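S.K.: this one's sequence-less:
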């Protein structure tokens with residue numbers, strides 16, 4: 001026994017199937033676009049990370065150079081202080097020696 005299909009129901013079914021097919025196409029398109037955007041975002045992020053890493057390495061190098069310069073200045077200042085102290089002590093000793101010589105020459109000459 002064969003049943004008759006209602007033409008309106010057949011049209012509705014055909015429309016629904018067409019809408020489902022179109023929706024699937026739209027979903028696939030959205031998925032592709034989302035994947036492309038995600039891929040581009042990842043690429044952009046990687047580029048930015050690379051730039052930041054390079055900048056950070058340059059900054060670290062500059063900081064190390066400045067620290068080395070400060071250390072060298074501190075060493076130089078320390079050496080200068082040490083030399084100045086030794087020279088001062090030597091001059092004091094020499095002044096004391098000259099004073100003693102004068103005192104002994106004055107006392108032996110009288």
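M.R.: Yep, it's here. Keep in mind it's a predicted model, so treat the numbers as computed, not measured.
S.K.: on contacts alone, who are the packing partners of the helix or strand hosting residue 32?
M.R.: Counting by DSSP states H and E, the element that carries residue 32 is helix 7-109. Using 3 or more CB pairs under 8 Å, 6 or more residues apart in numbering; DSSP states H and E, no helix or strand is in contact with helix 7-109. Where you see a C-beta, it was placed from the backbone N, CA and C, and this is true even at glycine.
S.K.: quick one: average confidence on that helix?
M.R.: In this model, helix 7-109 carries a mean pLDDT of 94.
S.K.: what about that helix, distance to the chain center?
M.R.: Computed by CA atoms, centre = their mean, to the nearest Å, the chain-centroid distance of helix 7-109 equals 4 Å.
S.K.: try stretch 103-110
M.R.: From the chain centre to the centre of stretch 103-110 is a distance of 75 Å (CA atoms, centre = their mean).
S.K.: ok, residue 9 to residue 16 distance?
M.R.: Residue 9 sits 10 Å away from residue 16, going by CB to CB, to the nearest Å.
S.K.: next one: residue 67
M.R.: Residue 67 sits 74 Å away from residue 16, going by CB to CB.
S.K.: just residue 96 next, same as before
M.R.: 116 Å.
S.K.: again, but for residue 106
M.R.: Counting by CB to CB, the gap from residue 106 to residue 16 is 131 Å.
S.K.: kindly report the same for residue 62.
M.R.: Residue 62 is 68 Å from residue 16, where distance means CB to CB.
S.K.: check residue 28 too.
M.R.: The separation that residue 28 has from residue 16, given CB to CB, amounts to 19 Å.
S.K.: could you do residue 44 as well?
M.R.: Note on residue 44: its distance to residue 16, by CB to CB, is 41 Å.
S.K.: can you check residue 59 too?
M.R.: 63 Å.
S.K.: again with residue 30
M.R.: In terms of CB to CB, residue 30 sits 21 Å off from residue 16.
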